[in-house]
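Trainee: model this:
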Amino acid sequence: MILYSIGDSVTWGAELENKENERFSKIVADKLGFIDCNTACSGVSNDYIFRNTMRDIHHWIETHKCWSEEIGWIKSDELKLVIGWTSPTRFEWWTGSEYQQERLWRGYDKWGDNDKDKTTEDIFVLNQTELIPSYIRTFNYIQSLISICELNGIDYYFFNAFYKYENIEEPLTKIDMFGRDTEQLGLEYLKTDMDNMYDYLNKNEGTFHPRKHPTKESHKLWANYILNTWL
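Mentor: Have a look, this model is predicted:
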C-alpha cells in the first residue's frame, strides 16, 4: 500500500536532520502500515506538483506501480494521495530543454542576491505571478485532481502548506478578447477549502527552523492532525 505525497520544501522535509524518517508523510505512512513514497522537491511550483502528480497517478492506474526515490518501483493495489500545495504565484516554464521552476515573485532574489541568470525581471515572468492567473491556474489543477481521484477511487488529502488565499475582485477589464464582460473569473466556484499547515502549527505551538521550515516536532503535530482529520 502506497502513501504518495508531493509538494515543495515543506512536504519534502527541508531542514530536518533525517527527513526520510522525520517528515510527516513517513509518520502517517508508518501509522497506516503503508510505504512512504514522498516525491516532494524544494522550490517547486504548483505547475510541477500538478504535472508530476498527473503522470504518477495515471501510471499507477494503468500499472499499479509507483516510483520512489528511496526504494525504486513499488507495486501496490492501493494508493493514497497527499498534496501540500505551495504558493500559487510560483510557476514553471520550458527553457527549450528542461523545465525552469520560477519561485521568485518579485524582481529580485528572495534571499537577497541579484537574480541575473533568470528571467525574473522580464515582464513575462512578473505578469505570470499576478494573482488572477496564479489563482485560476492552481484552482484548475486542484479541481482536476479531485475529479481524477474520485473517478478512480483514490483517497486524497490536499492542504495549503503556508499560502493564505486573499479575496480577489472581478477585473475592470476583459481578460479574454472574445469573452464575456462580467463574472469572468468564477473563483468562488473553483476555490476549495483546505487546511493550512502553518496556521495549524502556529495555533498549536509548532516550532520552525531558521528558514521557517517546520521542525521534527511540528511534523509530528501535522502528522497527527492528518491522521485524526482525514483517516
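Trainee: need the contact list for Thr229.
Mentor: By CB atoms under 8 Å, 6 or more residues apart in numbering, the residues touching Thr229 are Asp195. Glycine gets a C-beta too; all of them are placed from N, C-alpha and C.
Trainee: And it, how close does it get to Phe162?
Mentor: As for Thr229, its distance to Phe162 is 18 Å (criterion: CB to CB, to the nearest Å).
Trainee: all strands of this structure, in order?
Mentor: 2-7, 35-38, 65-68, 72-75, 79-85, 91-94, 99-102, 155-160, 195-196 (DSSP state E).
Trainee: any idea which of those is most buried?
Mentor: Among the strands of the chain, strand 2-7 has the highest mean neighbour count (mean count of other CB atoms under 10 Å), at a mean of 25.
Trainee: Listing partners with orientation, what would you give for that strand?
Mentor: According to DSSP bridges, strand 2-7 forms sheet pairs with strand 35-38 (parallel), strand 79-85 (parallel).
Trainee: Any chance of JSON lines for the ones you listed, columns distance to Ala14 and mean pLDDT?
Mentor: Shown next, in JSON lines, are these (distance: least, CB to CB, whole Å; pLDDT from 0 to 100):
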{"stretch": "strand 35-38", "distance to Ala14": "12", "mean pLDDT": "96"}
{"stretch": "strand 79-85", "distance to Ala14": "12", "mean pLDDT": "98"}
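Trainee: Can you lay out those strands as CSV showing distance to Ile146?
Mentor: Compiled in CSV, the strands paired with strand 2-7 are given as follows (distance: least, CB to CB, whole Å):
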stretch, distance to Ile146
strand 35-38, 20
strand 79-85, 10
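Trainee: so which of these gets nearest Thr53?
Mentor: strand 79-85 (6.6 Å; CB to CB).
Trainee: Output the lowest mean pLDDT helix or strand found in this structure.
Mentor: Sorting the helices and strands of the chain by mean pLDDT, DSSP states H and E puts helix 123-128 at the bottom, at a mean of 76.
Trainee: List the buried residues for that one?
Mentor: 125, 128 (16 or more other CB atoms under 10 Å).
Trainee: where does this structure have low pLDDT?
Mentor: Applying pLDDT under 70 to the chain flags residues 103-122.
Trainee: Mind doing that once more with 90?
Mentor: Scanning the chain for pLDDT under 90 picks out 68-71, 93-95, 100-130, 166-173, 177-183, 186-190, 231.
Trainee: The most centrally placed residue in it: what's its closest spatial neighbour, skipping adjacent residues?
Mentor: The residue lying closest to the centre of the chain (CA atoms, centre = their mean) is Trp85, at 2.4 Å. Excluding its sequence neighbours, the residue lying closest to Trp85 (CB to CB, 6 or more residues apart in numbering) is Asn160, at 5.4 Å.
Trainee: That neighbour touches Thr192, doesn't it?
Mentor: No. Contact between Asn160 and Thr192 fails when scored by CB atoms under 8 Å: they sit 9.9 Å apart.
Trainee: where do the helices sit along this structure?
Mentor: 9-12, 19-22, 24-32, 46-63, 123-128, 131-151, 187-190, 197-203, 216-229 (DSSP state H).
Trainee: Out of those helices, indicate the one that is most buried.
Mentor: The highest average neighbour count among these, using mean count of other CB under 10 Å, belongs to helix 9-12 at a mean of 25.
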